[in-house]
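Engineer: below: sequence and its predicted model.
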Amino acid sequence: MNRKAFLLGFFSIGGQVLLLRELVASFNGDELFIGTALFGWLLAVALGASFGGNKKINIGSEPLFVVGVILLPLMIIVARLCPLLVTDSPGEIIGFSTAAFFSVLIMVPVGTISGWLFTAITREGHRPAASIVRVYLFEGIGAFIGGVIIAALVGLVYSTLAMTIALGIIVIVLNRLPEKKSHIYFTAGSMAVLLIACWGGIPYLDNYLDSIKYDSFKIEKSYDTHYGHQTILSRNESKILLTDNTIEAVRPDLLNAENNLLPPLLYKPESRNILYIGRAEFGVMQLADSLDNIKLSALDPRLTLSPVIDGLIPRSDLLHRIHDDPLAYFIRRRPVGKYDVIILNPGEPGNHKNSRLLTDEFLNQTKAMLHENGLLFYPSPYDSDRYISPEKKNILALIYNTLLTAFDHVAVWPGGSTMFFAFDDSTINVAPEIIMSRADSLDYTPQYINDIYLADRFQELRLARLDEALKSGSRANNLNKPVLPYYQAIFRSSTDSLDRELIPFLFNHPLIMIALPIMIFILFLAVAIGKKRRRKFGLFLYFAAGIISLSLELISFYVFQSTAGSLYSEMAVLIGAFMLGLALGAYYSSRIDKENLEYPALLLLLTSAVVYYTSYENIGVGLTLIYHICFLFTMALATGSLFVAATDRYYYGRSQSNRGIGYALEILGSSIGSLTAVTLLLPIIGLQWLLISFIFLIILTIIGAILTAKP
């Protein structure tokens, strides 16, 4: 039973992480529907555990493992190809509601098997409470080891699909491990051969799947990195870089290259040291070579992408590459020199990875890397050439106000790409006539950024229309309330009929979120009042453990990513700390014979949440990783102990009970937390009030535990 529970954790965390990764890669790298995907996974696990706990259904764990191992790679392939059901255009943005629907649907089959396996394995023990806790313990250990291994290997050694098949091989082989040593050696050798075959052979299948997805293009390269799925397409003379099915750069595209590099030089012609945040090889690098005395540095974390691009596009010797996360580079590795101009071009701010670069916290870090009269340039993807829709007005005003939180002055150009120039020195802000005259004095003769093009941009009607849009709101994007990705989701929603109704309704009617605390309080009253309330309150403890722990985990991931950088190796350590805490909390609590174990568990959970609330903004950069590891480990330790306490309350003396119902309620709570905490509540009530809400929920649970201490 212990080995099977361990393999369950290994399989479950692998299926969850790999499916999430593939879904993000298929649906434009948008993190907002990760909550819906986790909701689908956890709800399926809850249903599988509850259904499998029925005494009339008695299917063993071995056939369920086989079914799960077959289903997982099939669903990975479905996730990769399902955008073809919506569009056959490479890089076209998929609507939020469509992506959310597919993300839930794709998670259900494997999630159901995972939950069903939990109850199938617990049946192998005689006492329900002891067997449930033991399976929960070894599942946590398996998830800890599996999460760290998978996060470390995917994108470095294995592709997502190759890791999926390797995961299946490991699970099947270890589940059927023979007892004789000679057979064990043969089995281990065979498994090693199969894993090597996955490493060498599955990339060809990856390439074939992408050739189906992009059938009108030649696949130059297709592979996974720690930062997403990379594809480079070619057709005729064009080269297209796609990241997570989103077009990131195209070459040749002289208009885009000039728009991304030349405008800040018209404000600061004396600029020499320029930092470009993004991939500069698709036009900006070549254009910089045409300008005298320009030293161009390009900041991007994808080290493995650089040699691939160099094999397709000749590299300039003058380009200085910096392979690092932008936030980490500014905070942890401050360069000796400062920059005259920083060009911020991370792509559409439709997720936290990109939008964190447009917060007052990051912009202040950026300002510290500029010379005293330096300039930040942001060529946004928003067209303000003619009509500016209300949704676009909200985004433009939000970006403008956010820039003003860090800089004294912001100049804005209308056009096909609305351009923002942020600076502190007022002498930089010169009249349009001077800008146009400087365009003629560059070392390079512009094809697009010339006096005719600029005169069209600076028409009074267009400037007045844009100025009106910038005054339409007063909100700014920040760590506490990251609203930019949600404004972007509303802006995108205009292209989809369901999105057009659903997304604005959710974010424009925040009072609908009151339904969640009402539902929780009704559940609290239902189990805290009446007969057998001590036993029934165990169900609420399961639910509270799920919703609180997963919500706080996702909040911690968001804060870490927004304050320390998007570093996947560190995120793997955070996941590992959480899963290890769950396992150790369950282990320690199951070893001691103590009643009312929920009290110390809830008090530890409360202490962790309060300490985090009062200190997360004041942690030094060097201690950020250690701080979040300690928080997640402590919080998970309390959650594992709370699971044991809930099991003791509900299952004590009830050997014939459904052994999946308690686990299902914990997963149900987790699914609600995954759907609501960061996806919906964070932009509506803000990070601080979100943390306060969970502190109140923990206090309510403590009160309920005290009131129901006696039957």
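Structural biologist: That came in fine, so what should we check first? Residues are numbered from 1 along each chain as shown.

Engineer: so what does residue 302 have for phi and psi?
Structural biologist: Backbone geometry at residue 302, expressed as degrees, to the nearest 10, gives phi -90, psi 90.

Engineer: pull the number of nearby residues for it.
Structural biologist: 17 (other C-beta atoms under 10 Å). In short, each C-beta sits where N, CA and C put it, glycine included.

Engineer: over to the one 3 residues further on?
Structural biologist: Residue crowding around residue 305 was assessed by other C-beta under 10 Å; the count is 21.

Engineer: just to check, it is in contact with residue 226?
Structural biologist: No. At 10.7 Å, residue 305 does not count as touching residue 226 under the criterion of C-beta atoms under 8 Å.

Engineer: just the helices from the stretch 301-450 of the chain, written as ranges.
Structural biologist: Assigned by DSSP state H, counting those that start in this stretch, the stretch 301-450 of the chain shows helices spanning 305-310, 326-332, 352-355, 360-368, 390-404, 432-439.

Engineer: which helices and strands sit right next to the shortest one?
Structural biologist: Secondary-structure packing of helix 352-355 (3 or more C-beta pairs under 8 Å, 6 or more residues apart in numbering; DSSP states H and E): helix 484-492, helix 533-564.

Engineer: need the contact partners of stretch 422-431.
Structural biologist: 267-268, 363, 367, 372-378, 403-404, 406-411, 421 (C-beta atoms under 8 Å, 6 or more residues apart in numbering).

Engineer: excluding its backbone neighbours, what's nearest residue 265?
Structural biologist: Here the nearest residue to residue 265 in space, its sequence neighbours aside, is residue 271; by C-beta to C-beta, 6 or more residues apart in numbering that works out to 5.8 Å.

Engineer: can I assume that neighbour sits in a strand?
Structural biologist: No. Residue 271: not assigned to a strand; according to DSSP: H, G, I helix; E, B strand; the rest coil it is coil.

Engineer: low-scoring stretches of the stretch 401-550 of the chain, by residue?
Structural biologist: For the stretch 401-550 of the chain, applying pLDDT under 70 flags the ranges 495-497, 499.

Engineer: ranges for the strands of it?
Structural biologist: Secondary structure of the stretch 401-550 of the chain (DSSP state E, counting those that start in this stretch): strands at 409-413, 419-423.

Engineer: deepest in the core, which of those is it.
Structural biologist: strand 419-423 (a mean of 24; mean count of other C-beta atoms under 10 Å).

Engineer: and the angle for it with strand 409-413?
Structural biologist: 160 degrees (axes from the mean of the first three to the mean of the last three C-alpha atoms, to 10 degrees).

Engineer: next one: strand 419-423 to chain centre, how far?
Structural biologist: How far strand 419-423 lies from its chain's middle: 28 Å, per C-alpha atoms, centre = their mean, to the nearest Å.

Engineer: the inter-axis angle of it versus helix 390-404?
Structural biologist: Taking the same axes, to 10 degrees, strand 419-423 and helix 390-404 form an angle of 20 degrees between their directions.

Engineer: parallel or antiparallel, list what pairs with strand 419-423.
Structural biologist: strand 370-379 (antiparallel), strand 409-413 (antiparallel) (DSSP bridges).

Engineer: one step back: now the contacts of stretch 422-431: which count as buried?
Structural biologist: Neighbour counting with 16 or more other C-beta atoms under 10 Å marks 267-268, 363, 367, 374-378, 403-404, 406-407, 410-411, 421 as buried within the contacts of stretch 422-431.

Engineer: picking that back up, out of the strands of the stretch 401-550 of the chain, the one nearest residue 97 is which?
Structural biologist: strand 419-423 (30.3 Å; C-beta to C-beta).

Engineer: which parts of the stretch 451-600 of the chain are helices?
Structural biologist: 451-457, 460-470, 484-492, 497-508, 515-528, 533-564, 568-591, 598-615.

Engineer: in TSV, list those helices along with distance to residue 4 and mean neighbour count.
Structural biologist: TSV is the format used below for these (distance: least, C-beta to C-beta, whole Å; neighbours: other C-beta atoms under 10 Å):
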stretch	distance to residue 4	mean neighbour count
helix 451-457	66	15
helix 460-470	60	15
helix 484-492	40	23
helix 497-508	41	15
helix 515-528	31	14
helix 533-564	22	23
helix 568-591	15	21
helix 598-615	27	19
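
Engineer: export these to a markdown table and tack on distance to residue 354?
Structural biologist: As requested, the helices of the stretch 451-600 of the chain are arranged in a markdown table below (distance: least, C-beta to C-beta, whole Å):
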| stretch | distance to residue 354 |
| --- | --- |
| helix 451-457 | 25 |
| helix 460-470 | 21 |
| helix 484-492 | 8 |
| helix 497-508 | 18 |
| helix 515-528 | 28 |
| helix 533-564 | 11 |
| helix 568-591 | 16 |
| helix 598-615 | 26 |
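
Engineer: out of the ones you listed, which gets nearest to residue 624?
Structural biologist: Here helix 533-564 is closest among the helices of the stretch 451-600 of the chain (C-beta to C-beta), at 4.3 Å.

Engineer: quick one, that closest one and helix 568-591 angle?
Structural biologist: Inter-element angle recorded for helix 533-564 and helix 568-591: 160 degrees (by the same axes, to 10 degrees).

Engineer: find the helix or strand that the nearest residue to residue 17 once chain neighbours are set aside is a member of.
Structural biologist: Leaving aside its sequence neighbours, residue 17 sits nearest to residue 150 (C-beta to C-beta, 6+ apart; 5.6 Å). Taking DSSP states H and E as the definition, residue 150 sits inside helix 128-153.
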